[in-house]
Every structure is written in C-alpha cells, then in structure tokens.
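Engineer: Whatever this is, show me its structure:
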Amino acid sequence: MTAKQEDNLKVSVLASSSSGNVTYIETPQRHVLVDAGLSGKKIANLMSSIGRNLDNVDDLLVTHEHSDHCRGVGVLARKYHLNVYANGKTWEAMAKKIGKIPAEQCHIFEMGSTKTLGDLDVESFGVSHDAAAAQFYQLHHNGHSFVVLTDTGYVSNRVEGIIRNASGYLIECNHDPEMLQMGAYPWSLKQRILSDTGHLSNEDGATALIDVLGNRTKKIYLGHRSQDNNIKELAHLTVASIMKEHDLSVDHDFQLFDTEPEKATKLTII
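Structural biologist: Numbers count the residues shown, from 1 in each chain. Prediction:
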C-alpha cells in the first residue's frame, strides 16, 4: 500500500446515546476524540476493541458540558496527558464536573473558528441546545471531512451551509416523537426534548441530512439514540424511508450505519 493510499481520515463512533458519547478520529499525524461521555475505563476498553490505545490520542474536543459528553474528560486528560479543547463558556460550565486539569493542557476553541491540529483542520460551529454554548465540529483531512452533530433542537440554515456535502456525518436521531409522547418522562422533560433547544427526532435528523448531503457523502452514522424513546430499527427505517422518498438509495448512494451506547463501530475510512 502506498503512502498516498494510507493518507486517510478514519472514524469510529465508540459510543453514542443519551447515556454517553465518544467519537474517535484518526489521520496519519493525529488521533483525536470528540467528547468523552463515559468513564475512562469504558473508553479505554472501547478503544482497545478497535485496535487502538488511549496512549496515542493527542487531543480531546468537547462539545458541551452535559455529563453524557464530558463525564470522562478530566480522567482522560490527567491520565493520558491529552490536550483538551472547548470554548470559554463550556470550560466554565464543566469545571466542577471534570476537576483540575494542568493549565498547559487546557485550550480555548472559540465557536465559529478553525484550528489546525497536525494534518487535521477542525472547524467549530454553534448549535441550538440547552447548554452554556454547545458547539460541534467538522474535521477536514486530505480532501475529506467528517461532521459530528448530535445535540441540537434544529439545524439552522447557517449550520447547513457549514456542513453541506461532507464525506461523512454522525447525525442525531434521538427519539421517535410518538414514543416520547406516550412514554413515562415527565411533561417538562418531554417539552425540553421537543423544543428548539432539545434534540432531533428521527425525522428531523433525516430531513437535515436531505438538506446537506451531496455527491461526496458516502457514510452516515445515526447517533445519540434515546434508550427510552427510540428503537434502533425504527430510527434506521425512518431515515432510509425518507431518503427513498427523495430518490436516494441506502447502500447505493451512501452507507447508513447504526451506533450503540457502548459498542464501537468499525474503524472506517471516510
């Protein structure tokens, strides 16, 4: 295999659900995590399951301060000496949750900016979520890009413009509205999830994808699925059906992958 063939952007969604979120991105020069929403031990085991080691991870990008995204940040930063990136408001909001991290490992990554980490260009963008300043990321390498977008009440025209025609997406399909409405959650929590600062439903996720995917898009991961208000097969079927209505064919135009709460997807070239 030539050096050119090996110069790839690779991704594994280590975990994605309402209980914990971690995504691993790899280039020849950089090994990065987006969020660390599980315990350090669980994340280490998930990395091992794809043949990788946390000792080799360089950077940790944090999207927001909710525990299912930052639970393991402090432990991983201290044990593996990771550079941690988040915007100023998120640093302030998660400070008590993650404990003290050496100052030289703490980096401000302001919303709407782009940072170059080795051979990886990382673009941040703000979303509509009930956190201090939730931001997600599009990662670019060697003409390919991967978008992580798992917590937002809606996808604005501005965000669509930023993430259009990426090579791959991890997109939120959090809930089925009917399951949520009929479920045991208190009304206040249901209202929060359904609001413009809550979470995307299966249909919302599919609709957002229809608006942004292009001829470069080859891989789509459905993420942040609620264990109480959704079913994996339902989320997959809903998205695939809406794609078909728009003359897009799963497994022909692109691949559609499900994610799991604590089981990593295969490390895949994007």
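
Engineer: pLDDT on the helix or strand encompassing Ser188, on average?
Structural biologist: Using DSSP states H and E, the element containing Ser188 is helix 187-194. Average pLDDT, helix 187-194: 98.

Engineer: Next: stretch 12-27.
Structural biologist: On average, stretch 12-27 scores 98.

Engineer: hmm, back to that, packing partners for the helix holding Ser188?
Structural biologist: If contacts are counted by 3 or more C-beta pairs under 8 Å, 6 or more residues apart in numbering; DSSP states H and E, helix 187-194 sits against helix 177-182. Where C-beta positions appear, they are placed from N, C-alpha and C, glycine not excepted.

Engineer: For the helix it packs on, what is the distance to the chain centroid?
Structural biologist: In terms of C-alpha atoms, centre = their mean, to the nearest Å, the centre of helix 177-182 is found 24 Å from the chain centre.

Engineer: which other helices and strands contact it?
Structural biologist: helix 187-194.

Engineer: So for the helix it packs on, what gets flagged as buried?
Structural biologist: Lys190, Ile193 (16 or more other C-beta atoms under 10 Å).

Engineer: Downstream of that helix, the next helix or strand is which one?
Structural biologist: Following helix 187-194 toward the C-terminus (DSSP H and E): helix 202-212.

Engineer: Tabulate the CA atom coordinates of that next one in PDB.
Structural biologist: What follows is helix 202-212, C-alpha atoms only, in PDB (Å, rounded to 0.1, in the frame of the first residue of the first chain):
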ATOM      1  CA  ASN A 202     -35.600  10.500  13.700                       C
ATOM      2  CA  GLU A 203     -37.500  12.600  11.100                       C
ATOM      3  CA  ASP A 204     -35.600  15.700  12.000                       C
ATOM      4  CA  GLY A 205     -32.300  14.000  11.500                       C
ATOM      5  CA  ALA A 206     -33.300  12.600   8.200                       C
ATOM      6  CA  THR A 207     -34.600  16.000   7.000                       C
ATOM      7  CA  ALA A 208     -31.400  17.700   8.000                       C
ATOM      8  CA  LEU A 209     -29.400  15.100   6.000                       C
ATOM      9  CA  ILE A 210     -31.600  15.600   2.900                       C
ATOM     10  CA  ASP A 211     -30.700  19.300   3.000                       C
ATOM     11  CA  VAL A 212     -26.900  18.800   3.400                       C
END
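
Engineer: could you point out which element follows that helix?
Structural biologist: strand 219-223.

Engineer: Can you list the strands that that following strand pairs with?
Structural biologist: Applying DSSP bridges, strand 219-223 is found paired with strand 168-172 (parallel), strand 255-258 (parallel).
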